[in-house]
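Asker: Here's my sequence, what's the structure:
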Amino acid sequence: MVSKLDLAPAHHRGDVAELAIATVAGLALAVTILYIFAVPIAGKLSASRDFLSYWATGRQLVHHHNPYDRDAIWAIEHAAGLDPRTVLIMRNPPWALPITYPLGVLSLRIAGILWTLLLLACLLVSIRILHELYGSPPSRIHWLGFAFTPAIICITMGQTSLLALLGLVLFLRFYRLHPFNAGVALWLCALKPHLLLPFAAVLALWIVLTRAWKLLAGFASALAFTSVLATFIDPSAWHDYFRLMRSPSVENQFIPCLAGALRHWLRPHAVWLQYLPVALACLWALAYFWRRRQHWDWLSNSSPLILVSLLAAPYLWLYDQCLAIPALLSGAYSTRSRSVLAVLAFLILTTDVEICFVKVSSTLFLWTIPAWFLWYLIARATAAKHPSSAASATPIASA
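Answerer: Numbers count the residues shown, from 1 in each chain. Predicted coordinates for the structure are as follows:
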């Protein structure tokens, strides 16, 4: 069935898409600005955010205490204004501890403001780099990245997923001409390694086949340096971290992602079920790469890897889906259909509305990752019908 939008004149379809993009981006920008200005005004606003767990971790480190001590973290967060029925424990690997240490020196309010500005900068820089990689087209398509609901939630909650997004984008920017820098950038992705496991499997095979040892050296150097630094800050960090991750409160927690839903709907106590989808996704990813290995390009070919990695991730929250931005912008730049662009803006707006009434931990957000993936496939299909559009969206070589 042909939609009314598709029957409209071409210039009208363009106007509708531009209006949809501008509307969604404007609303997202307004929410972000209001929140940034609200942080210093509302005294305990930071206490309602996931950022509080990073600040509390920093406080523990500054005082040479266990950063993964549930009771101690609860006491700090409760004193800061968090609901006493809740405790937020940082689950990033110990090599992330060096970025939390400076937060513990600052007051909650100052640390919250600086952290929010850092995350906002990560989003702005990431979108700017992606825009340049696609030749800086004059359209407003990249505004959809600024307006992407998971990214906005990251800023308001203070989540580190935007740091991982920046690492992913910097890798795409540098891997050709500055492989060591690209490897260092991937350390940011390692802050949440579970989100990109199929992507990582392909990357490992690609490194071996292309002998990209400089890239591997950059990543290994960054990982080793931060791991040693974390051990210096807290010699027992690794032991305490693994003890936390094996605790029943972590293993049995329901996280609203497809893998988590599969496990809890079939066999709640079978932890292995939560990792089955990502294992199958890794096999698919390796086969996908192998068929394209002779002409592999990370910017052009990695979008399905990113989306499948998020689709099959063993642990995934709504805000983690900000890592889908490179793939969605790739699809948006490749399609000539303004109707398809308008649909993406509508999906983002739908998520914006839903988050106003539904908690971020709700299973009602299980539709989002499949929706982004399906939209990307449709966008690429419309690009295949119009080869000229693919040519206009050809990525430029990174300098």
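Asker: Okay, now the unreliable bits of this structure?
Answerer: 1-20, 22, 24-48, 384-399 (pLDDT under 70).
Asker: Next, the contact list for the nearest residue to D352 once chain neighbours are set aside, please.
Answerer: Distances taken as C-beta to C-beta, 6 or more residues apart in numbering put T149 closest to D352, at 5.4 Å, once the chain neighbours are dropped. C-beta: built from backbone N, CA, C; applies to glycine. Counting by C-beta atoms under 8 Å, 6 or more residues apart in numbering, T149 touches A28, L318, I348, T351, D352, I355.
Asker: Go again with 7 Å.
Answerer: I348, T351, D352, I355 (C-beta atoms under 7 Å, 6 or more residues apart in numbering).
Asker: Among those residues, which are located in helices?
Answerer: Residues of the contacts of T149 located in helices (DSSP state H): I348, T351, D352, I355.
Asker: Now for those: which two are most distant?
Answerer: I348 and I355 (10.8 Å; C-beta to C-beta).
Asker: which of those two has more neighbours?
Answerer: Using other C-beta atoms under 10 Å as the criterion, I348 and I355 rank with I348 on top: 25 against 18.
Asker: got the contact list for that one?
Answerer: If you count contacts by C-beta under 7 Å, 6+ apart, then I348 has V24, L144, A147, F148, T149 around it.
Asker: any idea how far it lies from L377?
Answerer: The spacing between I348 and L377, counted by C-beta to C-beta, to the nearest Å, is 17 Å.
Asker: Tell me the buried residues in the host helix or strand of A111?
Answerer: Assigned by DSSP states H and E, A111 belongs to helix 108-133. Neighbour counts over helix 108-133 (16 or more other C-beta atoms under 10 Å) mark 108-109, 111-113, 115-116, 118-120, 122-123, 126-127, 129-131, 133 as buried.
Asker: same thing with stretch 286-306?
Answerer: So for stretch 286-306, counting by 16+ other C-beta under 10 Å, buried means Y288, F289, W296, W298, L299, N301, S302, S303, P304, L305, I306.
Asker: Pull the contacting residues for the fourth one.
Answerer: W298 is in contact with L172, Y175, counting by C-beta under 7 Å, 6+ apart.
Asker: Would you list the phi and psi of P268?
Answerer: phi -60, psi -30 (degrees, to the nearest 10).
Asker: for the one 5 residues further on, same thing?
Answerer: Backbone geometry at L273, expressed as degrees, to the nearest 10, gives phi -60, psi -30.
Asker: residues contacting it?
Answerer: Neighbouring residues of L273 by C-beta under 7 Å, 6+ apart: L262, R263, L266, R267.
Asker: Which of those has the largest number of neighbours?
Answerer: R263 (23 neighbours).
Asker: for the helix or strand harbouring it, packing partners?
Answerer: Following DSSP H and E, one finds R263 within helix 258-266. Counting contacts by 3 or more C-beta pairs under 7 Å, 6 or more residues apart in numbering; DSSP states H and E, helix 258-266 packs against helix 276-290.
Asker: Residues contacting the helix it packs on, please?
Answerer: With C-beta under 7 Å, 6+ apart as the test, helix 276-290 has contacts from 197-198, 201-202, 205-206, 258-259, 262, 296, 304-305, 308-309, 312-314.
Asker: can you check stretch 68-77 too?
Answerer: If you take C-beta under 7 Å, 6+ apart as the criterion, stretch 68-77 is touched by L52, A56, R59, Q60, H65, N66, V87, L88, I89, D240, Y241, L244.
Asker: now the residues you listed as TSV including secondary structure, neighbour count and distance to G158?
Answerer: Below are these laid out as TSV (DSSP: H, G, I helix; E, B strand; the rest coil; neighbours: other C-beta atoms under 10 Å; distance: C-beta to C-beta, whole Å):
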residue	secondary structure	neighbour count	distance to G158
L52	helix	26	8
A56	helix	30	12
R59	helix	24	15
Q60	helix	23	17
H65	coil	13	22
N66	coil	20	22
V87	coil	18	16
L88	coil	18	10
I89	coil	18	15
D240	helix	15	23
Y241	helix	22	20
L244	helix	18	20
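Asker: Of those residues, which is the nearest to G331?
Answerer: Checking those against G331 by C-beta to C-beta gives L88 as the nearest, at 34.2 Å.
Asker: Would you mind giving the ones in helices among the contacts of T149 as JSON lines with distance to S362 added?
Answerer: Formatted as JSON lines, the ones in helices among the contacts of T149 follow (distance: C-beta to C-beta, whole Å):
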{"residue": "I348", "distance to S362": "18"}
{"residue": "T351", "distance to S362": "12"}
{"residue": "D352", "distance to S362": "15"}
{"residue": "I355", "distance to S362": "10"}
